[in-house]
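A.B. asks: Build me a model:
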Amino acid sequence: MDKAYEDQVRMARQASQAGQLGDFETCFVHFERAHDLTQRMMGRQTYIHWMALVASLCRRDFREVVGQMSRMFASVLFSRLWVPQGNTGRTSVSALKPMPVPEDQRDLVPQINSPGRCGAIAAPWLSADRPESPRGHVELQSLRALHEKPRPMTGALLATALAMLCAVDSNAQTLNLASTQLPQADGGSTTIFYPTRAAESAITRGPFQISWAGDAKPERGNSRLIVISHGSGGSPWVHVDLARTLVVRGFVVAIPQHSGDNYLDSASPGPESWVKRPREVSSAIDQIASDPRFSPILSLDAVGIFGGSAGGHTALSLAGGEWSPARFRDHCMQHIREDFSSCVGFTTLLREGWLDGVKVWLAKRIISLRFSDDAVQRHFDPRVKASVAMVPFAADFDLQSLAEPRIPLGLIVAARDVNQNPAFHVEAVRKVCEPRCQLVMHLQEGGHGAMLSPLPPLQKGTIADHLLSDPPAFDRADALPRLNGKIAEFFEKALPGQ
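C.D. replies: This is a model prediction of the structure:
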């Protein structure tokens, strides 16, 4: 366990000293893992919270600073008495909430019986028969006292200390996630995720079990709005994990329903939808601006856009990219075998059989007939000041229009993407725009479905399973929290809060 703890602290230091955008989130992942390993060790617990406090100051996350100060105090008072097993030590969760221990650390962390409420915590220690605290190995001689039976503490003193902890935790706790929907003029709905102090409850949306506070009172965060453009046939629910990360940082998130290319209506995907999508983003911003619940807590002079796949196409358009349906046609005429799914979507696959030639011939015929319009498509919204495109469809862009993005542009690459061959899409954009754009993250083992979190259930053997399932070596549980954190930090830097 000592080596595991030292490794986590070392990696946290390396991440915090690297000084690159997003490294603080990696740093905090290692803090959380070190915190799990040492919950009964007062010295180490306090040190972890101190390091987390310093890192929070460096990234100007003052909510986390306040939360870490309270947790330093708590680690001194309660490490020997009671700890909530698995708690990450972050301000994003209550300091009193037990949580699952990461699977790869379960053998290193002793089991702890941990009631979940203040009264239950205090009860054993206010009685005459107090249990001994679990023993744990601590290297330093000065920490040997941690293994001894706790000294008696008066009921009044303990109750007062516990009340202080609960009060501090309540004030320092990070914002919760709330959600509501705004009707669109085209009959769809824009889903809003936003900060609140209200308690969350379990919600079912399709196959997903999600937690949020429905239609709760908004709480002012950092005054910034992020619009998420969903992928082709997409829903808002597959972006809840990213939305939560952004909301915890103080952002409001809006996800417009793209007409004719969403999970309820997939009648017109591809270029027909791509023409409308940037305008739908602008309409979503207008909706927010006119809503009396959100307009007072937002400054809409600087809005961010995030999108994956077809949503990534939207994000590139709003960053200054220019494209045309005819360029889509030309790409597919030249590269349809190497980039088949990008051209035909989820209709069929090439399976290295005699039918492949028929599929290619038929796809080319349909594409050449439908997509002959060479009118250049562009959209400018002066309110959009930062963009992140993940696994975008990009082969139909005039790459010179993205060589110098008009706003800060971040790119996310999934190297194992079989839906959109990165060489024709995100890597082609990256090649012309670096260093004027930024690689937010390179998912070496990630596939196209890495943009979806939570990932919807995929029926084995289907086209969707082939195109969206994670490659075998992709560690979703490790990669996506870090990715979401890096996206949030990109927007924090590009869109300073007020």
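A.B. asks: quick one: low-confidence ranges for the chain?
C.D. replies: 1, 13-25, 39-40, 59-60, 77-83, 92-93, 95, 103-106, 108-174, 498 (pLDDT under 70).
A.B. asks: Apply 90 and report the result again.
C.D. replies: Counting by pLDDT under 90, the chain shows low-confidence ranges at 1-175, 206, 266, 345-356, 372, 463, 496-498.
A.B. asks: so where do the strands sit in it?
C.D. replies: With DSSP state E as the criterion, the chain has strands at 176-183, 189-196, 201-205, 208-214, 225-229, 252-255, 303-308, 384-390, 409-414, 438-443.
A.B. asks: How far does the third one sit from its chain's centre?
C.D. replies: This points to strand 201-205. With C-alpha atoms, centre = their mean, to the nearest Å as the basis, strand 201-205 stands 19 Å off its chain's centre.
A.B. asks: before we move on, what about the last one?
C.D. replies: Using C-alpha atoms, centre = their mean, the distance from the centre of strand 438-443 to the centre of the chain it belongs to is 14 Å.
A.B. asks: tilt between that strand and strand 384-390?
C.D. replies: Strand 438-443 runs at 20 degrees relative to strand 384-390, counting by axes from the mean of the first three to the mean of the last three C-alpha atoms, to 10 degrees.
A.B. asks: Can you name every helix or strand that strand 438-443 contacts?
C.D. replies: On a contact count with 3 or more C-beta pairs under 8 Å, 6 or more residues apart in numbering; DSSP states H and E, strand 438-443 meets strand 409-414, helix 476-494. To be clear about C-beta, it is placed using only N, CA and C from the backbone, and glycine gets the same treatment.
A.B. asks: Each with direction, which strands does it pair with?
C.D. replies: strand 409-414 (parallel) (DSSP bridges).
A.B. asks: Same question for the second one.
C.D. replies: When pairs are called by DSSP bridges, strand 189-196 turns out to pair with strand 176-183 (antiparallel), strand 252-255 (antiparallel).
A.B. asks: before we move on, what about the fourth one?
C.D. replies: Here strand 208-214 is paired, per DSSP bridges, with strand 176-183 (parallel), strand 201-205 (antiparallel).
A.B. asks: out of the strands paired with strand 189-196, nearest to Pro236?
C.D. replies: strand 252-255 (4.1 Å; C-beta to C-beta).
A.B. asks: Quick check: buried residues in that closest one?
C.D. replies: Residues of strand 252-255 classed as buried: 252-255 (neighbour count, 16 or more other C-beta atoms under 10 Å).
A.B. asks: Same list, those, but as TSV with distance to Gln68 please.
C.D. replies: Formatted as TSV, the buried residues of strand 252-255 follow (distance: C-beta to C-beta, whole Å):
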residue	distance to Gln68
Val252	25
Val253	25
Ala254	31
Ile255	32
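A.B. asks: can you give me the helices for the stretch 201-350 of the chain?
C.D. replies: With helices called from DSSP state H, counting those that start in this stretch, the stretch 201-350 of the chain shows them at 240-248, 271-290, 310-318, 325-335, 340-344.
A.B. asks: Packed most tightly, which of these would that be?
C.D. replies: Of all the helices of the stretch 201-350 of the chain, helix 310-318 has the most neighbours on average by mean count of other C-beta atoms under 10 Å, namely a mean of 30.
A.B. asks: out of the buried residues of strand 252-255, who's nearest Ile297?
C.D. replies: For the buried residues of strand 252-255, the nearest to Ile297 is Val252 (7.4 Å; C-beta to C-beta).
A.B. asks: Now do the same contact list for that closest one.
C.D. replies: 192-195, 218, 221, 224-226, 288, 294, 297-298 (C-beta atoms under 8 Å, 6 or more residues apart in numbering).
A.B. asks: coming back round to it: now tabulate the strands paired with strand 208-214 in JSON lines and tack on distance to Cys433 and mean neighbour count.
C.D. replies: Listed next are those as JSON lines, based on distance: least, C-beta to C-beta, whole Å; neighbours: other C-beta atoms under 10 Å:
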{"stretch": "strand 176-183", "distance to Cys433": "33", "mean neighbour count": "19"}
{"stretch": "strand 201-205", "distance to Cys433": "36", "mean neighbour count": "11"}
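A.B. asks: can you tell which of these is closest to Ile412?
C.D. replies: strand 176-183 (22.5 Å).
A.B. asks: got the angle between the closest one and helix 240-248?
C.D. replies: 110 degrees.
A.B. asks: so strand 176-183 versus helix 271-290, what angle?
C.D. replies: Going by the same axes, to 10 degrees, strand 176-183 makes 110 degrees with helix 271-290.
A.B. asks: Quick one: residues in contact with strand 176-183.
C.D. replies: 189-200, 203, 211-216, 218, 243-244, 247-248, 287-288, 291, 293.
A.B. asks: among these, which ones are buried?
C.D. replies: Looking at the contacts of strand 176-183 with 16+ other C-beta under 10 Å, the buried ones turn out to be 189-196, 198, 200, 212-213, 216, 218, 243-244, 247-248, 287-288, 291.
A.B. asks: Make JSON lines out of the strands of the chain and add distance to Ala375.
C.D. replies: Below are the strands of the chain laid out as JSON lines (distance: least, C-beta to C-beta, whole Å):
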{"stretch": "strand 176-183", "distance to Ala375": "31"}
{"stretch": "strand 189-196", "distance to Ala375": "28"}
{"stretch": "strand 201-205", "distance to Ala375": "38"}
{"stretch": "strand 208-214", "distance to Ala375": "39"}
{"stretch": "strand 225-229", "distance to Ala375": "21"}
{"stretch": "strand 252-255", "distance to Ala375": "28"}
{"stretch": "strand 303-308", "distance to Ala375": "22"}
{"stretch": "strand 384-390", "distance to Ala375": "22"}
{"stretch": "strand 409-414", "distance to Ala375": "24"}
{"stretch": "strand 438-443", "distance to Ala375": "31"}
